[in-house]
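Trainee: After the sequence you'll find the predicted model.
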Amino acid sequence: MRLHHILVLLGAGLLAGCGTTLPDSQAPAGFASYEGQEKRQAVNAERVVYQVRNIENKPQADAAFWQLALKERLLKAGYVLVAEGPLEAGARKGYYIETTAPRGPADYMYLVAIFVQDKQITVAESAGELAAYKAQRDKIFAALRSDGLGLNTSR
């Protein structure tokens, strides 16, 4: 399968994942859960959003492949790389990437973290206006690093 096709599949998976409501105990501190369409979601007063979902690891690939595909997809879409690196949630190893992009008169931050487990990829995302996101970044990463990410929640 050509890389272009795989990137399209990854993008579709990130936009159309499945899941359930995010319990408040799994949301970052100061975030409140709400009913989302097939996602576990939370938001804070500054409109920084956080969501977790599971998608199928299809085509079946390892974490290194999905890290590269995710990074290439975001950069080709015009996002600017801010930070990336390994991330651990309990004993699970993952990867995160933070990007920024202008949206109207303001810049926005967008975080994607992935945890590849056999036939499933858990995707955690957070986004918000630049200053609001930065003010919540430590809380977001604390939630990501906790074992309460919902990584064992089935689709």
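Mentor: That came through fine.

Trainee: CA atoms for contacts and neighbours, from now on please.
Mentor: OK.

Trainee: For the longest helix seen in the chain, name the packing helices and strands.
Mentor: Secondary structure assigned by DSSP state H gives helix 130-145 as the longest helix of the chain. Contacting helix 130-145 under the criterion 3 or more Cα pairs under 8 Å, 6 or more residues apart in numbering; DSSP states H and E are the following elements: strand 80-89, strand 106-117, strand 120-129.

Trainee: Pull out the buried residues from stretch 119-135.
Mentor: 120-130, 132-133 (16 or more other Cα atoms under 10 Å).

Trainee: which residues touch that stretch?
Mentor: By Cα atoms under 8 Å, 6 or more residues apart in numbering, the surrounding residues in contact with stretch 119-135 are 14, 46-58, 60, 100, 106-116, 140, 144, 151.

Trainee: PyMOL command for the buried members of those?
Mentor: Here is the PyMOL command that picks out the buried ones among these, judged by 16+ other Cα under 10 Å:
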select buried, resi 14+48+49+50+51+52+53+54+55+56+57+100+108+109+110+111+112+113+114+115+116+140+144+151
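
Trainee: returning to what we had before: nearest to residue 32 among the helices and strands packed on helix 130-145 would be which one?
Mentor: strand 120-129 (13.5 Å; Cα to Cα).

Trainee: relative to strand 106-117, how tilted is that closest one?
Mentor: 170 degrees (axes from the mean of the first three to the mean of the last three Cα atoms, to 10 degrees).

Trainee: relative orientation of strand 120-129 and helix 130-145 in degrees?
Mentor: For strand 120-129 against helix 130-145, the angle by the same axes, to 10 degrees is 160 degrees.

Trainee: What pLDDT is listed against the closest residue to residue 54 other than its chain neighbours?
Mentor: Closest residue in space to residue 54, ignoring its immediate chain neighbours: residue 122 at 4.4 Å, by Cα to Cα, 6 or more residues apart in numbering. Here, the pLDDT recorded for residue 122 equals 91.

Trainee: Quick check: bridge partners of residue 122?
Mentor: Beta-bridge partners for residue 122, by DSSP bridges, are residue 54, residue 115.

Trainee: again with residue 42
Mentor: With DSSP bridges as the rule, residue 42 is bridged to residue 33, residue 50.

Trainee: For this protein, give me the ranges with low pLDDT.
Mentor: Applying pLDDT under 70 to the chain flags the ranges 1-25, 35-39, 147-155.
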